[in-house]
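A.B. asks: please work out how this folds:
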Amino acid sequence: MSKSVLETEVRQLKEVKNDEIPAVLYGRGIKNENLWVNKKKFAKVFKEAGESTLVNLKFGEELRSVLIHDIQLHPITGDFLHIDFYQVRMDEKIETDIELLFKGIAPAVKELGGTFVKSLDKLPIKCLPGNLIGHVDVDISLLKTFEDHIYVKDLGIPDTIEVLIEEDTVVALVTPPRTQAEMDKLDEEVEGDISQVEGMEEKVEEGEENGDDKKGEGAKPGEGE
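C.D. replies: Numbers count the residues shown, from 1 in each chain. The predicted structure follows:
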């Protein structure tokens with residue numbers, strides 16, 4: 001798999017650039033470097049590579065193999081605020097997460113009216129950097145009945161990648177629609193909870209009023225003299 005190339009420049013800590021994202025490059029046995037990365041170019045590379053594909057980071061005249069290890073986003077605009085690049089060693093295994101992409105239509109949803117449920121978005125793995133894959137496709141058309149489940153062992157992960165969770169872990173399934181009796185029971189439970197809360201509020205208010213009266217009585221001048 002060819003790696004995307006991302007150009008960088010050395011960043012002075014007090015510099016501010018509107019079209020650049022501040023970043024840091026680090027890794028085992030190397031010096032940490034503060035960098036600038038172009039916003040548009042990074043957005044394109046990140047869309048292609050994500051956080052589980054190697055990227056060639058152009059640092060000076062060198063190309064360094066890195067993972068986009070962490071990103072910080074603005075809580076409102078979603079803009080990139082900061083990037084962590086982790087420089088890997090090609091002969092040393094790393095641990096990371098591979099994104100799961102759910103494809104197709106589940107017959108148990110379309111034909112039986114069920115609800116699609118996924119229990120995982122990413123798969124924790126361990127492998128050599130050269131064996132990394134960008135994502136795993138999950139074919140949900142296999143979910144034909146409510147008894148069908150997709151497990152980790154069904155994902156077809158290459159032997160060169162070690163999965164760090166049990167192979168019998170459920171990845172996705174379809175739950176049946178609620179019956180009218182279940183919906184009615186749920187409504188009764190909700191109504192019961194509300195009345196109990198309202199009753200508690202009334203008791204608290206009464207207690208507060210009684211407490212206020214007692215305080216008023218105890219504050220009468222001349223008592224106990």
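A.B. asks: what domains does the record give for this structure?
C.D. replies: If you go by automatic domain parsing, the domain ranges for the chain are 4-88, 95-175, 179-215.
A.B. asks: need the longest strand for this protein.
C.D. replies: Longest strand in the chain, counting residues (DSSP state E): strand 62-73.
A.B. asks: what about dumping the CA coordinates of it to PDB?
C.D. replies: What follows is strand 62-73, C-alpha atoms only, in PDB (Å, rounded to 0.1, in the frame of the first residue of the first chain):
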ATOM      1  CA  GLU A  62      13.800  13.100   5.200                       C
ATOM      2  CA  LEU A  63      10.700  11.000   4.900                       C
ATOM      3  CA  ARG A  64       9.600   9.500   8.200                       C
ATOM      4  CA  SER A  65       7.000   6.800   8.600                       C
ATOM      5  CA  VAL A  66       4.400   7.900  11.100                       C
ATOM      6  CA  LEU A  67       0.900   7.300  12.400                       C
ATOM      7  CA  ILE A  68      -1.600  10.100  13.100                       C
ATOM      8  CA  HIS A  69      -1.600   9.100  16.700                       C
ATOM      9  CA  ASP A  70      -4.000  11.800  18.100                       C
ATOM     10  CA  ILE A  71      -5.900  14.900  16.900                       C
ATOM     11  CA  GLN A  72      -7.600  17.600  18.900                       C
ATOM     12  CA  LEU A  73     -10.700  19.300  17.400                       C
END
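A.B. asks: ok, and what's touching that strand?
C.D. replies: By CB atoms under 8 Å, 6 or more residues apart in numbering, the list of residues contacting strand 62-73 from outside reads 3, 5, 25, 27, 46, 49-57, 79-88, 90, 94, 96, 129. All C-beta spots, glycine's among them, are computed from the backbone N, C-alpha and C.
A.B. asks: and Gly192, what's its pLDDT?
C.D. replies: Looking at Gly192, its pLDDT reads 58.
A.B. asks: check Gly29 too.
C.D. replies: pLDDT for Gly29: 88.
A.B. asks: circling back: can I get the domains of the chain in TSV including mean neighbour count?
C.D. replies: Shown next, in TSV, are the domains of the chain (neighbours: other CB atoms under 10 Å):
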stretch	mean neighbour count
domain 4-88	15
domain 95-175	15
domain 179-215	10
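A.B. asks: by how many degrees do whatever helix or strand Phe46 lives in and strand 62-73 diverge?
C.D. replies: Taking DSSP states H and E as the criterion, Phe46 maps to helix 39-49. Angle of helix 39-49 versus strand 62-73, following axes from the mean of the first three to the mean of the last three CA atoms, to 10 degrees, is 90 degrees.
A.B. asks: sheet partners, orientation included, of the next helix or strand after helix 39-49?
C.D. replies: For helix 39-49, the succeeding helix or strand toward the C-terminus, using DSSP H and E, is strand 55-59. Strand 55-59 has the following strand partners under DSSP bridges: strand 4-10 (parallel), strand 62-73 (antiparallel).
A.B. asks: where are the low-confidence patches of this structure?
C.D. replies: Counting by pLDDT under 70, the ranges of the chain that qualify are 1-2, 179-184, 186-225.
A.B. asks: could you pull out the strands for it?
C.D. replies: For the chain, the strands defined by DSSP E occupy 4-10, 20-26, 33-38, 55-59, 62-73, 80-87, 94-103, 115-118, 122-127, 135-139, 149-151, 162-163, 170-175.
A.B. asks: can I get the CA coordinates of the fourth one in PDB?
C.D. replies: Which is strand 55-59. Only the C-alpha atoms of strand 55-59 are listed here, as PDB (Å, rounded to 0.1, in the frame of the first residue of the first chain):
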ATOM      1  CA  VAL A  55       1.900   8.300   6.400                       C
ATOM      2  CA  ASN A  56       5.200   9.600   5.000                       C
ATOM      3  CA  LEU A  57       6.000  12.800   6.900                       C
ATOM      4  CA  LYS A  58       8.400  15.000   5.000                       C
ATOM      5  CA  PHE A  59      10.600  16.500   7.700                       C
END
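A.B. asks: since that was my last question, I'll sign off now.
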